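J.: structure of the sequence below:
(2 chains)
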Amino acid sequence: MKQFFIFVKKEFFHIWRDRRTLLILFGMPIMQVMIFGFALTNEVKNSKIGILDLSKDEATAKLSERISASQYFDLVENLKSSSDIDASFRKGDTKMVIIFPEHFRESLLHSNSVQVQLIADASDPNTATTLINYASAIINDYQDELMGETKLPYTITTQTRMLYNPQQKGAYNFVPGVMAMILMLVCTMMTSIAIVKEKETGTMEVLLVSPLKPIMVILAKAVPYLLLSIVNIISILLLSVYVLDVPIAGSLALLMFTSILFIITSLSLGLLISSFTASQQTAMLISLMGLFMPTLLFSGFMFPIENMPIPMQVISNLVPAKWYYYIVKSVMIKGLGIEAIWREVLILTGMTVFLLTVSIKKYNVRLA
Amino acid sequence: MASVKVSNIIKTYPAEKKSVVKALNNISFQVDKGELFGVIGPDGAGKTSLFRIMTTLLIADSGIATVEGFDTVKDYKQIRKQIGYMPGKFSLYQDLSVEENLEFFATIFNTSIKENYDLIKDIYVQIEPFKTRRAGKLSGGMKQKLALCCALIHRPTVLFLDEPTTGVDAVSRKEFWEMLKQLKTQGITILVSTPYMDEASLCDRVVLLQNGSMLSIDTPQKITQQFNKQLIAVKTDNMYALLQSLRECNEVENIYPFGEYHHVVLKNNNTKSEVQQYVAAHGFKDVELNPASANIEDCFIELMRNQ
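T.: Numbering: from 1, shown residues only, chains lettered A, B, ... in the order given. Below you'll find the predicted structure:
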């Protein structure tokens, strides 16, 4: 036991004395949360639009005013003719142009029908769709108002409710994603590097020629990163609750328990990588390319897995982060209990046991 | 009684195009308890491979090695409990202080600095003033002393030192060998490898290795005694031309630079005067020509030539 503690102590010295690594370890989670929280957002806000108003009457003025007053749009240009539309898009800032035809109000009042044209820059299809939807909604609102008391014989009105995330904040989606990413990165990359470093500097040679048991070396390497990762989870959760206003809907204990499970999965993966790599660079590259990318792609955090081709969906099942991402979303955002996630917890446990067994088996008691 | 026993060890490494490099070719020797045993050979002779096999880090292709009666393959756990090993690269934690390194190695071997302090005291006092300094900031000689302390702290019965003096200055090297002599009095068997031939004479017995094969194994005195040719040391104003010129001389069997002299091995005994005439005839000035006694390096070169 004394051997174990001195080994853990030594690992902490390594981490503590390497200031740059320390900065990455603790700075990265905070940076990521901040970047995803404030800079990288896929919410549509203040999109620049232009309006080509060919009738310039009371109705179009009112509509234009409402559209530009909304937080989604920012009216930057009043176009003079249809030839300006193309030029406006080509400048690149304009995301949408709204065109009111001539005699808008008259047509509306007398022939009871008029068309508004919405032209959107679909080079980013998601933004374009969102903008069109917002604009249509504002126009529909205006139409309802115009009808006033007039009762139509049949009307279907939709009533929508956005569950779990009523304000449709991006943070609800990325906080679980960032947690999965950080833990994967810190645990897997750092542990694999920590072990391979001993091989590279030759200290492994001395450790091997000592009565230390392999399991002791492996555990002692993993424990410091387990503790650091718990600190990281706590800091991410604090940031998300107090800075990004993403509350923890479910049980905090369950969230911590599943997070620790995922940390252990990642640690085992790091140990496995270290057992078949010989240099720190290789270990880092494998961790980055082999884990960071799949975590980003296949966890469902950036791209919905349901939309992927079947083979990709199958591959995504092998990515531990996918299961953890699902668990965090369920517990933290939806507030579900263990009955909703036991299957995912079981899968992660299975993966951990498998990875840990293989890495202990593969731990070389000799050189080469 | 034998402390380390190596018999018929062969070790190969895979090389390009499915060929293999023979690192060790049929090595056999025995090291007695309490002996200071030297493994002497140039770089690439197979010293490190041999040490790694004896310290259970590598498995030989064939042959048996035992340490204190334990087999290096089967009973590796037993061996690891009682040997001390200092690899060629000083394997210390550069970011830990001198004291922390020592404490770490003491603890993983289930002991404490206090318990075996008497064993390392003579060495440790020299680095104690720097005990709070990080190991990475120590000089080469001090790193070596610290590494030796770390290898000794658990009072091993056999100590394996792989090229401990490589890259260390002459004074530190001398001090280091003094320390080894001290340790020998404690009854610890010491195996030390070195590429420096002059260090061979400091060992009780040595094995000379070249390209994975044993050239000779004996006490340094006996090895030098076996040198049965006449050897002279020559020095003139133009050493390079002398080397070139004497290679052509009929009386000379071999000539090689040796410090500030060239060592000349004569084909036949008592032909020193012929060589002297030859040198004078070729117009060299300030000629100094003395009979020399062979040391390990001369023997090594001679053995290599005869191989």
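
J.: need the residues of the stretch 1-150 of chain A near chain B, please.
T.: A:2, A:3, A:6, A:7, A:10, A:13, A:14, A:17, A:18 (CB under 8 Å from any CB of the partner chain). In this view, the C-beta of every residue, glycine as well, is placed from N, C-alpha and C.

J.: now render the residues you listed as CSV, adding neighbour count and distance to residue A:139.
T.: Shown next, in CSV, are the residues of the stretch 1-150 of chain A next to chain B (neighbours: other CB atoms under 10 Å in any protein chain shown; distance: CB to CB, whole Å):
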residue, neighbour count, distance to residue A:139
A:2, 10, 75
A:3, 19, 74
A:6, 18, 72
A:7, 22, 68
A:10, 22, 68
A:13, 17, 66
A:14, 18, 63
A:17, 15, 63
A:18, 13, 59
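
J.: can you give me the helices for chain B?
T.: B:47-54, B:76-82, B:98-108, B:117-127, B:140-152, B:170-184, B:220-225, B:239-247, B:272-281, B:296-306 (DSSP state H).

J.: pLDDT (mean, whole number) over the longest one?
T.: In other words, helix B:170-184. Across helix B:170-184, pLDDT averages out at 90.

J.: just list what it packs against, helices and strands only.
T.: strand B:36-40, helix B:117-127, helix B:140-152, strand B:189-194 (3 or more CB pairs under 8 Å, 6 or more residues apart in numbering or on different chains; DSSP states H and E).

J.: again, 7 Å this time
T.: Secondary-structure packing of helix B:170-184 (3 or more CB pairs under 7 Å, 6 or more residues apart in numbering or on different chains; DSSP states H and E): helix B:117-127, helix B:140-152, strand B:189-194.

J.: chain A is nearest to which of those?
T.: The closest of the helices and strands packed on helix B:170-184 to chain A is helix B:140-152. By CB to the nearest CB, the value is 7.5 Å.

J.: now do the buried residues in that closest one.
T.: Residues B:141, B:142, B:143, B:144, B:145, B:146, B:147, B:148, B:149, B:150, B:151, B:152 are the ones in helix B:140-152 that count as buried (16 or more other CB atoms under 10 Å in any protein chain shown).

J.: kindly report the same for stretch B:93-113.
T.: B:93-109, B:113.

J.: which residues does that stretch contact?
T.: Identification of contacts with stretch B:93-113 by CB atoms under 7 Å, 6 or more residues apart in numbering or on different chains yields A:2-3, A:6-7, A:10, A:13-14, A:17-18, A:203, A:210-212, B:92, B:127, B:130-136, B:146, B:149-150, B:153-154.

J.: same check, this time on stretch A:163-180
T.: A:32-33, A:36-37, A:41-43, A:162, A:233, A:236, A:240, A:244, A:246, A:295, A:299, A:301, A:321, A:324-325, A:328-329, A:332-334.

J.: would you mind getting the angle between the lowest-mean-pLDDT helix or strand in chain B and helix B:239-247?
T.: Every helix and strand in chain B was compared by mean pLDDT, DSSP states H and E; the lowest is helix B:272-281, with a mean of 85. The directions of helix B:272-281 and helix B:239-247 differ by 130 degrees, with axes from the mean of the first three to the mean of the last three CA atoms, to 10 degrees as the criterion.

J.: list the buried ones in helix B:272-281?
T.: Result for helix B:272-281 [16+ other CB under 10 Å]: buried residues B:272, B:274, B:275, B:278, B:279.

J.: got the contact list for the third one?
T.: Residue B:275 is in contact with B:232, B:249, B:251, B:252, B:264, counting by CB under 7 Å, 6+ apart.

J.: so which of these wins on neighbours?
T.: Counting neighbours by other CB atoms under 10 Å in any protein chain shown, residue B:264 leads the contacts of residue B:275 with 26 neighbours.

J.: quick check: beta-bridge partners of that residue?
T.: Going by DSSP bridges, residue B:264 is paired in beta bridges with residue B:232, residue B:255.

J.: list the contacts of residue B:48.
T.: Shown in contact with residue B:48 (CB under 7 Å, 6+ apart): B:88, B:162.

J.: returning to what we had before: tell me which of the helices of chain B lies nearest to residue A:56.
T.: Residue A:56 lies closest, by CB to CB, to one member of the helices of chain B: helix B:98-108, at 81.6 Å.

J.: around residue 47, count how many other residues there are.
T.: Since no chain was named, I'll use chain A. When neighbours are defined as other CB under 10 Å, residue A:47 has 21 of them.

J.: wrong chain, I was asking about chain B
T.: Using other CB under 10 Å, residue B:47 has 25 other residues around it.

J.: show the pLDDT at residue A:168.
T.: Residue A:168 is given a pLDDT of 69.

J.: circling back to that earlier point, so which of the helices of chain B gets nearest residue A:345?
T.: helix B:98-108 (35.9 Å).

J.: relative to chain A, which residue of the stretch 201-307 of chain B is the closest?
T.: residue B:212 (17.1 Å).

J.: residues contacting that residue?
T.: Here residue B:212 is in contact with B:22, B:23, B:24, B:25, B:45, B:46 (CB under 7 Å, 6+ apart).

J.: 6 Å - rerun?
T.: Counting by CB atoms under 6 Å, 6 or more residues apart in numbering or on different chains, residue B:212 touches B:22, B:23, B:24, B:25, B:46.

J.: closest to residue B:166 out of the residues you listed?
T.: Checking the contacts of residue B:212 one by one against residue B:166 (CB to CB), the nearest turns out to be residue B:46, at 15.4 Å.

J.: which residue packs closest to the closest one, ignoring adjacent ones?
T.: residue B:212 (4.3 Å; CB to CB, 6 or more residues apart in numbering or on different chains).

J.: so how many other residues sit close to residue A:304?
T.: 8.

J.: need phi/psi at it.
T.: The phi/psi pair for residue A:304 (degrees, to the nearest 10) reads phi -60, psi 130.
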